[in-house]
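[1] no letters, just coordinates:
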Ligand SMILES: [Zn+2]
């Protein structure tokens, strides 16, 4: 063998070695990280940053404010962004708790979504692995929204620092989005033009895993309050004089329950009775029922008309008037951008799953034991990017992020913090989203968000991939809101409940 051939072989061998996993750690060779990306990762990795945004998240967990009553949560987040140098506009799109925080100028414009509302009836003590409310019946953060706009704010402030230090061009916008739990802000924010000129959006959600996804997901939804008006009467003395509005609600509910048999598998219908009279001996002259009517984008409107027919049938049978149908919100399914998800996945893998302490593992296992699920503790690895599930779509939850996905390329980064097996919209999830695991999870989420924004700001070819896919997709699915043009944000919907519990929750957080 000639000497030159030996050199070539040696070089080839070294090249192969550099591509195979490191035999000492088993980890694949790390991708090269740009100085701009390293800057945001380093900024967020500082213990002060973990603690600062962890404290904000815990504070919002304690406020536990319901949709459109998130005055303290929204203010804390908006003030934090303003103090960091963002221009903050508040009270947007007709919602007092909606804000947009902007930094930078010119193109590209990258939007970060951030939610912060709680759920009714879920109050639960933090890190206690059995049902034990802070205030019986009060709201609680059963979907981790306390960590979410907080993660977006942390990412945005890290990005501002890197933009200043490295002269990165473009604009960052944090969309402080109230009332996701009643899916009520994004269609109104879009209608108000807040997303105009935004080139791509990164949504985020709390989870037990660290993942992203693409394709069509969740259900579209009409959220509507049906109100009936009848006539009062003594319910025993002269019931024939009265016309019961509650009868209309009950007949409507019976009708929709019969309707289920004749709906496609992708549907969901559920309701709560908001008003049904105040005493059995007075025929109720007013009653109302709040419906969530869910299906695919294609089937929603037809199904909604059939539910309206059930309401009319109730009114006719009870001899009362269907006096109003208030559309609280109406939203599309999610159409997540594949190119965005592929980009986010790379950054999720770069950031990796946080390391959990013995205490965090012990809490996770205690909670899993209580919930009678596998006691496997916290996860050690991020998820891989899965293709959308094929086969029959059998429906599911909804998010008003759906409408955003139809106006600009959007995908969601789900970040850890909850315990695998904890149940969404349940006390067990509320118990998870406070303290060190939530802090670490939201910090990891912020890193993946910020790293993805760096890619979108500094690599025009990456943003171009998202835009190209979106432009082609939107030709077949142009955005047409389900939200009726005359609908107004339901600002007072949760007022009474929140007024009842706000003081009690404040008191409890002081005693703690
Ligand atoms: Zn949620």
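    Everything's here; your move. Just so it is clear, the structure is predicted and the values come from calculations on it, not from any experiment.

[2] residue 486 in helix, strand or coil?
    Classification of residue 486 into helix, strand or coil gives coil, according to DSSP: H, G, I helix; E, B strand; the rest coil.

[3] stretch 249-267: end-to-end distance?
    Chord length of stretch 249-267, first to last residue, is 21 Å (Cα to Cα, to the nearest Å).

[4] cool, and stretch 141-148?
    Note: stretch 141-148 ends 11 Å apart using Cα to Cα.

[5] hmm, who's touching it?
    Contact with stretch 141-148 is made by 57-58, 60-61, 64, 73, 114-119, 122, 124, 180-181, 204-207, 415, 417-418, 424-427, 429-430, 432-434, 438, 441-442, 445, as judged by Cβ atoms under 8 Å, 6 or more residues apart in numbering. Any C-beta I mention is one placed from the backbone N, CA and C, and that applies to glycine too.

[6] quick one: the strands in the stretch 201-350 of the chain, in order.
    In the stretch 201-350 of the chain, the strands defined using DSSP state E, counting those that start in this stretch lie at 211-212, 215-217, 220-229, 268-275, 286-295, 321-331, 334-336.

[7] sheet-wise, list the partners of the fourth one with their directions.
    Okay, so that is strand 268-275. strand 286-295 (antiparallel) (DSSP bridges).

[8] what ranges in the stretch 401-512 of the chain fall below the confidence cut-off?
    The stretch 401-512 of the chain contains residues with pLDDT under 70 at 512.

[9] cool, and the stretch 151-300 of the chain?
    Along the stretch 151-300 of the chain, no part satisfies pLDDT under 70.

[10] of the strands of the stretch 201-350 of the chain, which is nearest residue 84?
    Within the strands of the stretch 201-350 of the chain, the stretch nearest residue 84 is strand 211-212; the backing value is 26.2 Å (Cβ to Cβ).

[11] which secondary structure elements does the closest one contact?
    helix 338-351, strand 410-415 (3 or more Cβ pairs under 8 Å, 6 or more residues apart in numbering; DSSP states H and E).

[12] between these, which one is nearest to residue 464?
    Where the helices and strands packed on strand 211-212 are weighed against each other on Cβ to Cβ, the nearest is helix 338-351, at 9.0 Å.

[13] what is the closest one packed up against?
    strand 200-206, strand 211-212, strand 410-415, helix 436-458, helix 460-476.

[14] and whatever helix or strand residue 79 lives in, average pLDDT?
    Here residue 79, judged by DSSP states H and E, is contained in helix 71-83. The predicted model assigns helix 71-83 a mean pLDDT of 98.

[15] what's in contact with the next helix or strand along the chain from that helix?
    In the C-terminal direction, the helix or strand that comes right after helix 71-83 (DSSP H and E) is strand 87-90. The set of residues external to strand 87-90 that reach it, using Cβ under 8 Å, 6+ apart, is 74, 78, 81-82, 96, 98-103.

[16] can I get the helices and strands packed on helix 338-351 in CSV including distance to residue 330 and mean neighbour count?
    Rendered in CSV, the data for the helices and strands packed on helix 338-351 read as follows (distance: least, Cβ to Cβ, whole Å; neighbours: other Cβ atoms under 10 Å):
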stretch, distance to residue 330, mean neighbour count
strand 200-206, 19, 26
strand 211-212, 26, 25
strand 410-415, 19, 28
helix 436-458, 28, 26
helix 460-476, 19, 14
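
[17] helices of the stretch 151-300 of the chain, start to end?
    For the stretch 151-300 of the chain, helices defined by DSSP state H, counting those that start in this stretch occupy the ranges 186-191, 245-259, 300-318.

[18] so which of those helices is the most surrounded?
    Per-residue neighbour counts averaged over each of the helices of the stretch 151-300 of the chain give the maximum for helix 186-191, namely a mean of 24 (mean count of other Cβ atoms under 10 Å).

[19] contacts for that one, please.
    Outside helix 186-191, the residues touching it (Cβ under 8 Å, 6+ apart) are 92-95, 98, 113, 175, 177, 195, 329-331, 400-404, 407, 479, 481-483, 487, 489.

[20] what's the answer for stretch 350-361, then?
    Outside of stretch 350-361, the residues that reach it under the criterion Cβ under 8 Å, 6+ apart are 31, 33, 41, 210, 364, 377-382, 416, 436-437, 440-441, 443-444, 447-448, 451.

[21] distance of residue 468 relative to residue 456?
    Residue 468 sits at a distance of 14 Å from residue 456 (criterion: Cβ to Cβ, to the nearest Å).

[22] any idea how far residue 180 is from residue 456?
    Using Cβ to Cβ, which is the criterion applied here, residue 180 is 23 Å from residue 456.

[23] still on that earlier bit, give me the buried subset of the contacts of strand 87-90.
    Buried residues within the contacts of strand 87-90, defined by neighbour count using 16 or more other Cβ atoms under 10 Å: 74, 78, 81, 96, 98-103.

[24] quick one: which of those is nearest residue 133?
    residue 74 (24.4 Å).

[25] nearest residue to that closest one in space, please, no chain neighbours.
    Nearest-residue entry for residue 74: residue 97, 4.0 Å, with adjacent residues in sequence omitted and distances by Cβ to Cβ, 6 or more residues apart in numbering.

[26] confirm that the one you found sits in a helix.
    No: for residue 97, which was evaluated using three-state DSSP, the result is coil, with no helix membership.

[27] and it, what does it touch?
    Residue 97 sits next to 68-71, 73-74, 91, 176, 178-179 when contact means Cβ under 8 Å, 6+ apart.

[28] which residues are in contact with the nearest residue to residue 180 once chain neighbours are set aside?
    The shortest distance from residue 180 to any residue other than its chain neighbours is 4.2 Å, reached at residue 115 (Cβ to Cβ, 6+ apart). For residue 115, the set of contacting residues under the criterion of Cβ under 8 Å, 6+ apart consists of 145, 148-149, 177-178, 180.

[29] quick one, phi/psi of residue 115?
    phi -110, psi 160 (degrees, to the nearest 10).

[30] need the max-distance pair from the buried ones among the contacts of strand 87-90.
    Maximum distance among the buried ones among the contacts of strand 87-90 (Cβ to Cβ): 23.0 Å, for 96 and 103.

[31] buried set for the strand or helix carrying residue 59?
    Under DSSP H and E, the secondary-structure element containing residue 59 is helix 47-63. For helix 47-63, burial by neighbour count (16+ other Cβ under 10 Å) applies to 49-50, 52-54, 56-63.

[32] by contact count, what packs against it?
    In this structure, helix 47-63 makes packing contacts with helix 71-83, helix 145-166, helix 436-458, helix 495-511, judged by 3+ Cβ pairs under 8 Å, 6+ apart.

[33] can you rerun that using 10 Å?
    For helix 47-63, the packing partners by 3 or more Cβ pairs under 10 Å, 6 or more residues apart in numbering; DSSP states H and E come out as helix 35-45, helix 71-83, helix 145-166, helix 436-458, helix 495-511.

[34] mean confidence score for it?
    98.

[35] can you tell me the closest non-neighbouring residue to the residue sitting nearest the centre point of the chain?
    Against the mean C-alpha coordinate of the chain, by Cα atoms, centre = their mean, the closest residue is residue 205 at 5.1 Å. Nearest residue to residue 205 in three dimensions, chain neighbours excluded: residue 414, at 5.0 Å (Cβ to Cβ, 6+ apart).

[36] the one you found and residue 341, how far apart?
    Applying Cβ to Cβ, one obtains 11 Å for the distance of residue 414 from residue 341.

[37] residues shared between the contacts of those two?
    Applying Cβ atoms under 10 Å, 6 or more residues apart in numbering, one finds that residue 414 and residue 341 are jointly contacted by 211-213, 348.

[38] tell me which two of these sit farthest apart.
    Between all members of the shared contacts of residue 414 and residue 341, the longest pairwise span (Cβ to Cβ) is found for 213 and 348 and amounts to 11.3 Å.

[39] tell me the angle the helix or strand where residue 366 lies makes with helix 436-458.
    In this structure, residue 366 is located in helix 358-370 according to DSSP H and E. Angle between the axes of helix 358-370 and helix 436-458 is 110 degrees (criterion: axes from the mean of the first three to the mean of the last three Cα atoms, to 10 degrees).
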